[in-house]
Structure formats: structure tokens, C-alpha cells
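1. please find the sequence and the predicted model below.
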Amino acid sequence: MLESSYNEVLVACSILVAVLAAYTALNMASRVSSASGKAAVLWLIGGSFAMGFGIWSMHFIGMLAFSLPIDQGYDVPLTVLSLLIATASSALALYLVCQEKLPFSRLVSGGILMGLGIAAMHYIGMDAMLMNPHIVYVPSLVVLSIIIAIAASLGGLWLAFRLREVDKQATFARMGAALVMGCAIIGMHYTGMAASRFPLNSFCGAANSGIDTKWLATLVIIVSIAVFAIALIVSMLDVRTNRLSESLDSANNELIKLALHDNLTHLPNRVLLNDRMEQAIHRAERNNSEFAVLFLDLDGFKTINDIHGHHVGDLLLQEVSQRLLGSKREGDTAARLGGDEFVVLLEPVTPGNSAIFAQRLIDKIEQPYEAANHHLQISTSIGIAIYPQDGQTEHELMVHADAAMYHAKKQGRNGYCFFKRSMNTDVHLQMQMQQNLRHAADRNELVLHYQPKLIAPSGPITGLEALLRWQSPDHGLLSPDRFLPLAESSGLIVPIGNWVINEACRQMKVWHDQGHKDWNVAVNLSAVQLEHDSLVDVVRSALTQHSLAPSHLVLEITESTAMRDAEASLKVLNDLSALGVSISIDDFGTGYSSLLYLKRLPANELKIDRGFITELAQGNDDEAIIRAIIALGKTLGMKIVAEGVETTDQQELLTGLGCNTLQGYLLGKPAPPDTLLDTITHLTKRSESATIT
Ligand code: C2E
Ligand code: MG
Ligand code: MG
């Protein structure tokens with residue numbers, strides 16, 4: 001047999017190349033599995049080539065490190081074939097690794113195929129020397145080399161599959177795995193070499209290929225390292241680009257989310273809701289099905305905001321939206337329109353199950369809340385519109401669900417109401433009314449009625465409260481509850497309120513000139529007016545224009561109006577009080593004034609709400625409440641007025657309890673100024689007779 005020897009430098013190079021090839025292979029595996037579509041195919045082809053070339057060049061460098069005492073060479077077609085086999089085995093390996101799952105059976109069959117491929121590459125590569133006589137192989141070592149190849153392939157496949165995820169830890173794990181795999185490949189190669197015996201007098205048939213082996217070795221090392229380098233750089237660039245595009249994607253998603261969701265509750269906003277509704281309409285049309293739009297408005301949310309502050313209000317809204325999300329089915333949409341208004345889309349649905357759902361929501365929202373150490377309770381009113389019968393477009397459905405919600409509120413809140421065609425006319429009516437109200441003042445349709453306030457028990461008159469009426473050409477004489485909400489929501493209350501202030505001052509001046517010098521006039525203010533900057537100027541100029549002393553004007557604000565934006569109201573009220581006008585707190589007992597705040601208000605008068613007077617009887621709860629209110633008002637130095645006095649019993653009781661002033665149908669109904677004087681003469685007579693008796 002011929003003596004063989006190894007070039008140590010080239011052996012070391014072959015080990016290095018083997019480890020690098022293994023590392024590249026593992027890296028490629030993770031690239032192939034994280035890419036998709038065309039990119040995955042390209043990675044598979046490029047990866048198979050880089051990896052195949054790596055395994056092959058390790059083998060070839062190993063061959064070049066091996067020298068016999070005869071001339072050596074390599075047959076080009078067989079060498080190329082061995083390269084192709086290496087590439088094909090790598091392609092198989094990469095393909096297996098990038099699959100979703102790698103079951104045991106596939107791992108074993110893949111490992112065996114790949115191991116056989118590597119062994120085939122090795123022995124065909126040996127054949128490329130075209131030795132004559134043929135190389136003699138030691139069967140046991142050949143079998144061992146094949147077993148090592150299969151074992152290395154199995155281990156390699158398993159590791160590559162496990163380490164596919166691209167992250168930092170995986171890089172270190174991959175380096176370790178590459179070392180193990182590289183050594184296994186080397187082990188296979190050198191076991192295979194050890195299995196070969198070269199008979200004496202052999203000669204190498206490919207020796208006259210004329211390529212110098214040293215030069216060839218350098219070339220293969222350089223090319224293989226270049227291939228690994230390129231593969232790794234491209235792979236890293238790809239990871240970077242992927243990461244960049246991932247972060248761009250997530251930034252983009254975040255932006256879209258912001259534009260389509262409500263900031264506070266993270267529920268879809270109006271824009272997204274409209275889109276979902278549009279889709280729901282298409283689906284319902286296609287499937288001939290129905291869906292429901294539930295319009296929710298919380299009852300009394302504003303009061304919670306006023307009393308506990310916006311922070312608590314926000315927490316409550318967040319909790320309400322969680323309850324909505326918790327109640328809806330998958331596929332239904334819960335959105336927030338703003339403020340305390342929410343919409344739920346139920347799809348598909350029947351009127352029956354939308355009613356059940358609405359009731360479930362009502363029950364759930366009614367459960368107590370804990371927000372920032374406050375124990376809160378709130379209810380909701382729901383309007384339901386069903387597609388297609390209640391509306392064909394998003395807009396129609398929303399308007400109709402809103403109209404139905406409004407009805408639910410009117411029916412006493414904390415309930416639901418289905419849309420009916422008759423409500424639609426309400427909506428149109430309201431719009432028509434708003435249009436007409438806009439011109440009411442110019443057309444002299446607004447009038448003030450006046451109701452006397454008397455010193456308890458029966459006079460004399462201390463003043464009159466101006467109460468607004470609208471003489472509507474379509475509906476006759478309307479009381480404020482018919483049009484004030486509309487005036488407030490449309491902002492028309494500001495010009496209308498200014499007219500009231502001016503007209504009341506004018507009328508009072510007329511009465512003063514007629515000799516009623518000690519009367520004052522009370523004007524009601526709404527919250528919107530109080531928030532308007534011009535209020536103080538409007539009051540001042542009305543007083544000046546009609547030469548009325550400020551002490552003859554009383555401004556009535558309801559307790560909840562004053563509480564709406566407590567600090568801002570306080571400032572305006574102080575300015576008004578500085579003008580010299582009196583401030584009266586109307587409907588007292590219905591709001592939730594804090595005593596501290598009440599103490600700071602520059603008010604001169606408390607008007608006990610009519611609600612307490614109506615049921616008043618000796619010894620009942622209302623009597624106790626009124627007694628407490630009077631005690632409170634007196635402590636704060638305020639005059640106490642009872643409104644809504646309808647019976648002589650009430651009159652007597654209230655007087656006995658210490659009310660200074662009484663107002664009510666018993667003592668005089670609101671009347672226009674011209675007929676008022678009759679009432680007053682009648683009252684004066686009564687009070688005179690009362691004094692006489
Ligand atoms: P308010 O200021 O509490 O006025 C008292 C209301 O009770 C008046 O109703 C009056 O007619 C009614 N009333 C008086 N005595 C009795 C009684 O013995 N029994 C019964 N059942 N009712 C009695 P009205 O005129 O319908 O006004 C309702 C509310 O509209 C007023 O409540 C006030 O808050 C508001 N309002 C009236 N005029 C104006 C105005 O010019 N501007 C503003 N912003 N609000 C106004
Ligand atoms: Mg009033
Ligand atoms: Mg009142």
C-alpha cells in the first residue's frame with residue numbers, strides 16, 4: 001500500500017471551513033423559515049448552494065491536505081457531480097428545517113437521506129482521482145463513516161430546526177451547534193479517508209489535469225470563505241431590513257390604530273364604526289340577514305363629572321367600555337362616539353336577541369363601580385335600530401338609533417327602546433323647531449310671564465320671576481321645557497337668554513315707574529350662558545340701558561348649573577355679584593353641592609326645589625329635609641324661598657319652618673305683564689285681609 005500523509009495547515013483549514021459551513025447552514029435555515037413566498041424560495045436556493053459548497057469545499061480541502069507519494073489530480077466531471085450532490089443534500093436539509101413541523105419520522109428519513117448524500121459526495125469525490133488499480137476500502141470504516149455522516153446530519157437537522165428563531169441567544173447557540181456539526185462532518189471525512197487503502201504501484205488517472213493542488217487548495221479556501229461571508233452578510237442585511245420593515249410596520253399599525261380608535265377607552269371611534277357599519281350593510285345585503293345598531297348614552301354622567309372631576313369620569317368611561325367589551329360577542333363592534341355615547345353593532349341579529357342583549361348591557365352597566373376610591377353608580381339608556389327596516393344607510397341607522405335612545409331617556413332612563421317610524425317625525429320636528437326658534441326673537445314670538453314671590457305667608461310681593469314662553473305659530477304657547485333643551489344644545493340659548501335679561505330689566509323699569517319701587521325681578525340663567533364670556537357685559541348694559549339699579553335684579557342659577565364647572569362658575573358669579581346683582585340658587589336639593597363649594601358661592605338666596613314642597617306634610621321626610629335646608633341656608637346667611645306652593649297647608653307649614661319667601665300657584669300663577677296686575681291686586685287684597693285678621 002502507498003504511504004499517505006496529511007498537510008497539517010490544510011487539515012486545520014478544512015476543520016475551519018467545516019465549522020463555518022455548519023454555521024452558515026444554521027443561519028440559512030433560520031432565514032428560510034422566517035421568509036415567505038418568493039423570498040423563501042430564493043433563500044432556499046442560495047442557502048443550499050452556500051451550504052452545499054461549504055460541505056463540499058471542506059471535503060475537497062481535506063482531500064487536498066491528503067498526499068500520496070505519486071502525482072495526484074481530480075477528474076472535473078466527477079468533482080462537479082460531488083459538488084451537486086452536496087448541494088442537493090443541503091437543499092433537502094433546508095427544506096425540511098423550514099417546514100412548520102419536523103416530526104420524528106421526517107427527521108429520521110431526512111437525516112438518513114442527507115447522511116447518505118454526504119457520504120456519496122465523499123466517495124464520488126474520492127473516485128474523481130481515477131485511481132488505478134481502484135482504491136481498496138475497509139468495509140467497517142466505510143460503514144462507520146456513513147453512520148457518522150447520518151448521525152451528523154440528524155444532529156444538524158434537529159439543531160437547525162430548534163434554532164430557527166432569529167434572536168441574540170440563538171446566535172450563540174448556533175455557534176456552539178456549528179462547532180459540533182463541523183466536527184461531525186470532519187469526523188466523517190477523515191473516517192472515510194482512513195477507510196481507503198491505495199495499492200502499491202497505483203497511479204492517479206486524473207494526475208495530468210495539470211492543476212497544482214496547492215494553488216487549487218488556496219482557491220477553494222478563498223472561494224468558500226467568500227461564499228460564507230457573502231451568505232452571512234446578505235443574511236444579516238436581510239435581518240436588518242426585516243427588523244426595519246417590522247418596526248416600520250408596527251409604527252404604521254400604531255398610527256392606524258390611533259386614527260381609528262378612541263384615545264381614552266381604545267374602543268373603535270366613529271370613523272372605524274362607520275367602516276364596520278358599511279361592511280355590515282354589505283354582508284347583510286349578501287346574506288339577506290339583519291343587524292342591530294345599539295345607541296347607548298349614560299344617564300347622569302355629567303353630574304358624576306361635575307361632582308368627582310374629569311379624572312373619575314374618565315375612569316368610569318373606561319370601566320363602562322370594559323363591560324361593553326365583556327358583554328359583546330366575538331365579531332360584534334363596540335365603539336365610543338365621544339363623551340358618554342357608545343354604539344354596539346350586533347351582527348347578525350333578530351329583534352328578540354337584540355332586546356335580550358340590550359337588557360344584559362343595562363344590567364351590567366348598572367352594577368356599582370369603584371373608581372379612585374369613589375363608590376359610583378350609573379345607568380344607561382339604549383336606542384335600537386335594525387337594518388334594513390329602520391334604515392338603509394349608516395347615517396339613517398345612527399340617527400334612528402339616536403332617536404330611539406332619546407325616547408328611552410324620556411321613558412324614565414335605564415331602559416331600551418326600539419326605533420319606530422313615529423320617532424322619525426320627532427327628529428324632523430326637532431330640526432324644524434330649531435329652525436323656527438332661530439327666528440323667534442326677531443319675530444317677537446318670545447314672551448316673558450312673571451310669577452310673584454311673596455314674603456311668607458301671604459305677602460307683600462318682594463319680586464317676580466321672569467319665565468320664558470314661546471308663542472310658536474305652529475304649536476301655540478310653549479313652556480320652556482318644550483324648547484329650552486333645544487335652545488341649549490344648539491347654542492341659541494345665548495341670544496335668547498340675552499333677550500330675556502334685557503326684556504326683564506325693561507319691564508321692571510316700567511313697574512318701578514308705576515310705583516312698585518321695591519320689587520325686584522328674577523331671571524333664570526342656563527349653564528351655557530354662564531360659560532359665555534359676554535354674560536357680565538350683557539347684564540351690565542341691560543341695567544344701564546333701562547336705568548335699573550343692580551339690586552333690583554336677581555339671577556337664578558340651578559344648583560347643577562353652578563356645579564358644572566365649579567371654578568369657572570365661581571369666577572363669573574363673583575363678577576356678577578360685584579356688579580351688585582343678587583344670586584339665587586334655584587331647585588336646591590336636587591344637585592349634589594358640596595358644602596364647601598356652597599359656602600364660597602356669592603349667593604343671597606336658596607330656592608328649595610318644588611319636589612320637596614309637593615309631598616310636604618307634617619312629620620314626613622320632606623319636612624325634615626326642608627328643615628335642614630333652611631338651617632343650612634340661614635347659617636350661610638341666605639334668604640330661603642320655597643317654590644311650588646300649591647296649598648294653604650304647605651303655605652302654613654313652610655312659614656312655620658322659617659321660609660322667608662313663598663312662590664307658587666296658590667299665591668299667583670305665572671302670567672303676562674298686562675294680566676299680572678290683576679293677580680297682584682287680588683294678592684295685595686288678600687295679604688291686607690290676612691294682616692287685618
Ligand atoms: P324654575 O326656575 O324652577 O321655575 C319654576 C317653574 O315652576 C316654572 O315653570 C313655574 O311655572 C313652575 N311653578 C311655579 N309655581 C308652581 C306651582 O305651584 N306648581 C307647579 N306645578 N309648578 C309651579 P316653567 O315656567 O315651565 O319653567 C320651567 C323652568 O324653565 C324654570 O324652572 C327655569 O329653570 C326654566 N326657565 C324658565 N324661563 C327661563 C329663562 O328665561 N331662561 C332660562 N335659562 N331658563 C328658564
Ligand atoms: Mg327659577
Ligand atoms: Mg326652580
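-> Happy to help now that I have it. Ligands and ions are numbered 1, 2, ... in the order given.

2. and what about Leu429, helix, strand or coil?
-> Of the three states, Leu429 takes helix according to DSSP: H, G, I helix; E, B strand; the rest coil.

3. count of residues packed around it?
-> Residues contacting Leu429 under the criterion other CB atoms under 10 Å number 13. For every residue, glycine as well, the C-beta is placed using N, CA and C.

4. can you check the pLDDT for it?
-> Looking at Leu429, its pLDDT reads 75.

5. then the one 10 residues further on?
-> The predicted structure scores His439 at 87 on the pLDDT scale.

6. His449 versus that one, what's the distance?
-> Separation of His439 from His449 (CB to CB, to the nearest Å) stands at 21 Å.

7. also Arg610?
-> Arg610 sits 17 Å away from His449, taking CB to CB as the criterion.

8. so which of His439 and His449 has more stuff around it?
-> His449 (19 against 9).

9. the more buried one belongs to a helix?
-> No: according to three-state DSSP, His449 belongs to no helix; its state is strand.

10. tell me the secondary structure for Leu144?
-> Classification of Leu144 using three-state DSSP returns helix.

11. what's the closest non-adjacent residue to it?
-> Thr191 (5.4 Å; CB to CB, 6 or more residues apart in numbering).

12. equivalent analysis for Asn269, please.
-> In space, and not counting its chain neighbours, Asn269 is closest to Asp262: 4.7 Å by CB to CB, 6+ apart.

13. now swap in Leu26 and tell me
-> Using CB to CB, 6+ apart and skipping the chain neighbours, the partner closest in space to Leu26 is Arg174 (4.6 Å).

14. can you pull the contacts of that neighbour?
-> Contacts for Arg174 were tallied using CB atoms under 8 Å, 6 or more residues apart in numbering; they are 23, 26-27, 30, 163.

15. can you turn the buried part of these into a PyMOL selection?
-> Applying 16 or more other CB atoms under 10 Å to the contacts of Arg174 leaves a buried subset, and the PyMOL line that selects it is:
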select buried, resi 23+26+27+30+163
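
16. nearest to ligand 3 among the contacts of Arg174?
-> Comparing the contacts of Arg174 against ligand 3 with CB to the ion places Ser30 closest, at 76.3 Å.

17. distance check, the closest one against Leu543.
-> 84 Å.

18. again, but for Glu8
-> Glu8 sits 112 Å away from Leu543 when distances are taken as CB to CB.

19. who has more neighbours out of these two?
-> Taking neighbours as other CB under 10 Å, Glu8 and Leu543 compare with Leu543 leading, 22 against 9.

20. ok, the closest residue in space to that one that isn't next to it in sequence - contacts?
-> Nearest non-adjacent residue to Leu543, counting by CB to CB, 6+ apart: Pro550, 5.6 Å away. Residues near Pro550 by CB under 8 Å, 6+ apart: 543, 579-581.

21. with His375 instead?
-> Counted by CB under 8 Å, 6+ apart, His375 has contacts 368-369.

22. do Leu200 as well
-> Counting by CB under 8 Å, 6+ apart, Leu200 makes contact with 1-2.

23. how about it, phi and psi?
-> For Leu200, the backbone dihedrals (degrees, to the nearest 10) come out as phi -60, psi 150.

24. now swap in Glu465 and tell me
-> phi -100, psi 130.

25. that one contacts Leu454, doesn't it?
-> No: judged on CB atoms under 8 Å, Glu465 makes no contact with Leu454 at a distance of 11.6 Å.

26. tell me, what's touching these two both at once?
-> Both Glu465 and Leu454 are in contact with Gln663, where contact means CB under 8 Å, 6+ apart.

27. what sits up against the host helix or strand of Glu285?
-> If you go by DSSP states H and E, Glu285 is part of helix 270-287. Contacts with helix 270-287, where a contact means CB under 8 Å, 6+ apart, come from 259-261, 268, 289-291, 293, 333, 335, 337-338, 343, 345, 347-348, 387-388, 392-394, 397-398.
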